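Engineer: Need coordinates for the following:
(one chain, ligands or ions: 1)
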Amino acid sequence: MPHLLVTGGAGFIGTNYLYAHATQHPEDTLCVVDALHYAACLNNLQPLIDSGRITFIQADICDKTLMQQLLADEDIDVIVNFAAHTHVDRSITDPAPFVRNNVAGTTALLEAAVAVFVDGKRGGRFHQISTDEVYGSLRLDEVPWDEAQPLQPNSPYAASKAAAEHFVCAFARTYGLEVTLTRCSNNYGPYQHPEKLIPKALDCLLHGHPVPVYGDGLQRRDWIYVSDHCRGIDLVLSYGQPGAVYNLGASCELTNRELLQALYAALCAIFAKRPELVARFPESFAVRAAPFAKVIQSAADRKGHDRRYSLNCTKAAAELGFCPQIGLEQGLSQCVLWYIEHENWRQNLI
Ligand SMILES: NC(=O)c1ccc[n+]([C@@H]2O[C@H](COP(=O)([O-])OP(=O)(O)OC[C@H]3O[C@@H](n4cnc5c(N)ncnc54)[C@H](O)[C@@H]3O)[C@@H](O)[C@H]2O)c1
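Structural biologist: Predicted coordinates for the structure are as follows:
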């Protein structure tokens with residue numbers, strides 16, 4: 001019976017992961033650590049805490065002594081490290097918290113893992129959640145990245161995630177720690193902090209404010225529904241080769257403009273089916289079915305903005321049977337419905 005330590009579990013992907021894992025693996029125990037920084041929402045986890053399905057501890061992964069004690073006391077044999085600062089724009093204005101939490105935090109957790117799993121001869125796996133942003137930026141005429149591509153991060157956020165990866169690999173090589181890594185593309189779905197593109201755009205669309213679009217809006221990203229990412233992580237934990245890196249993406253590459261157009265179409269389709277939404281959101285662009293060109297507004301581009309991310313995921317497909325199940329239309333529709341039904345959740349966070 002695996003005993004998991006899930007860090008950053010009160011954030012967007014961690015929350016989704018915990019609900020999915022708790023249901024799909026009822027035999028596993030789940031210990032959750034989160035420092036409850038600004039992007040966290042402990043309320044997300046309350047049903048899991050109340051039902052005794054998870055044990056929640058407010059703690060910082062930088063606290064090596066506490067992490068080591070937790071690993072020992074809770075009999076942990078799998079660490080899934082989601083904990084990080086994640087907003088690229090914040091990393092540009094203030095990189096230091098990204099070095100502290102993403103690099104030093106991961107390193108402290110690795111040291112705790114070595115002390116208990118390797119030195120303590122208990123055995124155990126360290127799984128690092130990483131991102132496609134570590135690869136840098138692709139031109140349109142270049143093929144998608146596979147896992148052998150060198151890391152060439154551009155933003156301070158991506159640099160901190162790449163540095164964390166290097167420490168994970170160094171700990172595997174130097175101390176014999178068993179590790180796996182996943183590099184995933186852009187996630188969307190329930191519980192995402194309102195500073196991120198999709199929740200932010202939805203908020204604008206629902207309240208009749210034009211959606212700010214960086215530069216020409218032609219930056220390309222691959223979009224994966226968060227439940228598909230979570231399933232990919234569990235496939236790696238079950239079947240991934242120790243020491244291996246796996247790309248997890250959905251082969252759903254869109255420019256930011258295309259993504260926003262699809263999001264607006266999903267919102268309009270939901271308003272068309274649910275006339276009661278007009279009274280709840282009278283200012284929404286969807287009420288007037290405004291043309292797409294009227295609902296977006298150009299904003300100054302992000303400094304050093306990467307042009308394109310694209311992943312080759314054939315390794316995860318061949319070795320793990322990884323195959324995303326939620327297409328863009330379905331995913332956006334589910335996502336829009338969730339944010340409409342959880343309007344208060346978002347307001348409490350802002
Ligand atoms: N969101 C995406 O599209 C995406 C894509 C690929 C990879 N990732 C990676 O997935 C992970 C989770 O991303 P997210 O979008 O859920 O982020 P998020 O910002 O929503 O949540 C991160 C969580 O980590 C916690 N945390 C931060 N520093 C901590 C520390 N020192 N100790 C304990 N907890 C700490 C925060 O309180 C927060 O709850 C990150 O490692 C991120 O790099 C995200």
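Engineer: What residues does the protein have near the ligand?
Structural biologist: Taking Cβ under 6 Å from any ligand atom as the test, the list of the chain residues beside the ligand reads 7-8, 10-14, 33-37, 39-40, 60-62, 82-86, 101, 105, 129, 131, 161, 184, 186-187, 193. For glycine as for every other residue, the C-beta is placed from the backbone atoms N, C-alpha and C.
Engineer: Cross those residues against strands and list the overlap.
Structural biologist: If you go by DSSP state E, those have T7, V33, D34, I129, T131, C184, N186, N187 in strands.
Engineer: what about C335, distance to L42?
Structural biologist: C335 sits 22 Å away from L42 when distances are taken as Cβ to Cβ, to the nearest Å.
Engineer: Tell me if I'm right that P210 and S298 touch.
Structural biologist: No: under the criterion of Cβ atoms under 8 Å, P210 lies out of contact with S298, with a separation of 9.5 Å.
Engineer: contacting residues around the helix or strand containing A262?
Structural biologist: Assigned by DSSP states H and E, A262 belongs to helix 256-273. Contacts made with helix 256-273 from outside it, assessed by Cβ atoms under 8 Å, 6 or more residues apart in numbering, are listed as 197-198, 201-202, 205-206, 211, 213-214, 217-219, 221, 223, 254, 277-278, 284-287, 289, 292, 295-296, 328-329, 332-333, 335-337, 340.
Engineer: where exactly do the helices run in the stretch 201-350 of the chain?
Structural biologist: Along the stretch 201-350 of the chain, the segments classed as helices by DSSP state H, counting those that start in this stretch run 226-239, 256-273, 276-280, 285-288, 292-295, 314-320, 328-341, 343-349.
Engineer: Name the residues that touch the fourth one?
Structural biologist: Taking contacts as Cβ under 8 Å, 6+ apart, the residues outside helix 285-288 that touch it are 205-206, 208, 264, 267-268, 270-271, 277-278, 281, 294-295.
Engineer: mind putting those in JSON lines, neighbour count included?
Structural biologist: Supplementary listing: those in JSON lines, determined by neighbours: other Cβ atoms under 10 Å:
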{"residue": "L205", "neighbour count": "26"}
{"residue": "L206", "neighbour count": "23"}
{"residue": "G208", "neighbour count": "16"}
{"residue": "Y264", "neighbour count": "24"}
{"residue": "L267", "neighbour count": "26"}
{"residue": "C268", "neighbour count": "19"}
{"residue": "I270", "neighbour count": "16"}
{"residue": "F271", "neighbour count": "21"}
{"residue": "L277", "neighbour count": "18"}
{"residue": "V278", "neighbour count": "12"}
{"residue": "F281", "neighbour count": "18"}
{"residue": "K294", "neighbour count": "10"}
{"residue": "V295", "neighbour count": "23"}
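Engineer: of the contacts of helix 256-273, buried ones?
Structural biologist: A residue is treated as buried here by neighbour count (16 or more other Cβ atoms under 10 Å); on that basis the buried members of the contacts of helix 256-273 are 197-198, 201-202, 205-206, 211, 213-214, 217, 219, 221, 223, 254, 277, 284-287, 295-296, 328, 332-333, 335-336, 340.
Engineer: sorry, back to before: wait, which of the contacts of helix 285-288 is closest to S91?
Structural biologist: For the contacts of helix 285-288, the residue nearest S91 by Cβ to Cβ is L205; the value is 26.4 Å.
Engineer: From the ligand, how far off is that closest one?
Structural biologist: Computed with Cβ to the nearest ligand atom, to the nearest Å, the distance linking L205 and the ligand is 20 Å.
Engineer: wait, what's in contact with that residue?
Structural biologist: Listed by Cβ under 8 Å, 6+ apart, the contact partners of L205 are V211, L263, Y264, L267, S284, F285, A286, V295.
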